[in-house]
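> I need the structure of the sequence given here:
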Amino acid sequence: MSNPFDSRAASLSGPGLDYAPVDPSNSAALPDVAIALYVEAGGAVRFVSQKGATRTVTVPDYGWVLCGVRQVLATGTTAGGIHAIVVS
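As a prediction, the model looks like this:
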């Protein structure tokens, strides 16, 4: 089978290489910094941005957090079905 990603360099402009399920944690960072988060069940998402700032945003069902994310915090996060879009 041909793989169109074989000759493609990873890019922040997408597409992502994987949707990695996220378990919000107050102690553990994501294994790879996400270029965005996809949220299946809306609510609050509390996270640490790529720049190191703690932010809380309210996301609708099937919504997006379009920001580099290092960590999704358990405290303050009420959204569910969170996936990290990663390029590495």
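
> For the chain, which segments are assigned as strands?
For the chain, strands defined by DSSP state E occupy the ranges 18-21, 36-41, 43-49, 54-59, 63-65, 69-72, 80-86.

> Which of those sits closest to S27?
Closest approach to S27 among the strands of the chain is made by strand 69-72 (8.9 Å; C-beta to C-beta). (Each C-beta comes from the backbone N, C-alpha and C, glycine too.)

> and the lowest-mean-pLDDT helix or strand in the chain, what does it pack onto?
In the chain, no helix or strand scores lower on mean pLDDT, DSSP states H and E than strand 18-21, which sits at a mean of 94. Contact here means 3 or more C-beta pairs under 8 Å, 6 or more residues apart in numbering; DSSP states H and E; on that basis strand 18-21 packs against strand 80-86.

> Distance from the chain centre to the strand it packs on, please.
In terms of C-alpha atoms, centre = their mean, to the nearest Å, the centre of strand 80-86 is set 5 Å apart from its chain centre.

> between that strand and strand 36-41, how big is the angle?
On the basis of axes from the mean of the first three to the mean of the last three C-alpha atoms, to 10 degrees, strand 80-86 is oriented at 160 degrees to strand 36-41.

> Grab the CA positions of strand 80-86 and hand them over as CSV.
The C-alpha coordinates for strand 80-86 follow below in CSV (Å, rounded to 0.1, in the frame of the first residue of the first chain):
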residue,chain,number,x,y,z
GLY,A,80,-14.7,14.6,27.8
GLY,A,81,-13.4,12.6,24.9
ILE,A,82,-10.4,14.8,24.5
HIS,A,83,-7.8,13.9,21.8
ALA,A,84,-4.4,15.5,21.2
ILE,A,85,-3.5,16.2,17.6
VAL,A,86,0.2,15.4,17.3
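
> and it, what other elements does it pack with?
strand 18-21, strand 36-41, strand 69-72.

> Now that we have those, can you turn them into JSON lines and tack on distance to A79 and mean neighbour count?
Shown next, in JSON lines, are the helices and strands packed on strand 80-86 (distance: least, C-beta to C-beta, whole Å; neighbours: other C-beta atoms under 10 Å):
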{"stretch": "strand 18-21", "distance to A79": "13", "mean neighbour count": "12"}
{"stretch": "strand 36-41", "distance to A79": "5", "mean neighbour count": "18"}
{"stretch": "strand 69-72", "distance to A79": "9", "mean neighbour count": "22"}
